[in-house]
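What shape does this take:
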Amino acid sequence: MKQMAIFFLILFSSFIQANPIDEKCSNLTIWGAPQINVEGDNQYICKNGYAMNVNYKTKVSYFVVEHITPKSLANKVASRKDDFREDPDVPVQFRATLKDYTGSGLDRGHMAPAADFGYDAKNMSESFYMSNMMPQNQRNNRGIWKSTEELTRSWASKTELYVITGTIYQKGYKTIGNGVGVPSFIYKIIIQPANKRMIAFLYPNEKLNPKEIEKYVVSVAEIESKANIDISPRIPAELKALEKVSSKYGDWTK
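Model (predicted):
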């Protein structure tokens, strides 16, 4: 009887750590798709080049995941066309729209950057779905966030990376348009399988100095605590400690 109980406990644990991204587009993650701690009012969606978990309450994704390789970055056949549009995979009442951003003074900030998808015209176009956008401070999006995206691609040009980009909302967060939530913080977590390491950046959604990127390096555990999320549910036990320490920025920029 005891062995049977243990079996069902293991089975249950495996079940709660699985989500549709793991089932339908697991190629975009390495240690399991991020798992929010409170399910409901959300939707997992797999696109061709990235996947996301849309938060129905904020109409912005909890997170977006992608897999970037030297080969994909080198194969530049598609150009940016800025075809921002609603995501037909999201129910109408939970969609962010172009109108929501009008007059807000905020950018439609990419979570999975368009420049990551130059290898395929369809994937590039899909990066402009509003479900891949977050209301972002203009100076943040065009400053430190842009620098972080470029830095990520420079690393990915040498070795494959798995990238998780997400939003964090604090109590009393602002909204624009028809209830689209403005994130209090935004983050980017970069996993490098070759060296079994990861680095995490956590930014307030405000104007920041691009030259101070290193100042915003945090542990993955800090992001997990603030976002109420498990970033890598299937990370090997021997690598779990990686989540608890802040990576040394200098080690990545050598």
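
Compute the mean per-residue pLDDT across stretch 205-223, please.
Summarised as a single mean, pLDDT over stretch 205-223 is 98.

Can you mark which positions in that stretch are buried?
Within stretch 205-223, the residues that count as buried by 16 or more other C-beta atoms under 10 Å are 205, 208, 210, 213, 216, 218-221, 223. Using the backbone N, CA and C atoms, a C-beta is placed for each residue, glycine as well.

my read: residue 198 touches residue 190, true?
Yes. Between residue 198 and residue 190 there is a contact under C-beta atoms under 8 Å: 6.4 Å.

So for the two, which sits in the more crowded spot?
For residue 198 and residue 190, the more surrounded residue by other C-beta atoms under 10 Å is residue 198, and the numbers stand at 25 against 22.

That one: what secondary structure?
Following DSSP: H, G, I helix; E, B strand; the rest coil, residue 198 is assigned to strand.

quick one: it and residue 155, what's the gap?
Remark: distance between residue 198 and residue 155 (C-beta to C-beta, to the nearest Å) = 12 Å.

cool, and residue 212?
Taking C-beta to C-beta, one finds residue 212 at 19 Å from residue 155.

residue ranges for the helices of this structure, please.
Per DSSP state H, the chain has helices spanning 2-16, 20-24, 70-74, 98-101, 121-126, 138-141, 144-156, 220-227, 249-252. These are given in chain order.

For those, could you give me a markdown table that also reports distance to residue 173?
Below are those laid out as a markdown table (distance: least, C-beta to C-beta, whole Å):
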| stretch | distance to residue 173 |
| --- | --- |
| helix 2-16 | 28 |
| helix 20-24 | 25 |
| helix 70-74 | 34 |
| helix 98-101 | 15 |
| helix 121-126 | 27 |
| helix 138-141 | 15 |
| helix 144-156 | 18 |
| helix 220-227 | 13 |
| helix 249-252 | 28 |
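
Could you work out which of those helices reaches nearest to residue 185?
Of all the helices of the chain, helix 220-227 sits nearest to residue 185, with 6.7 Å by C-beta to C-beta.
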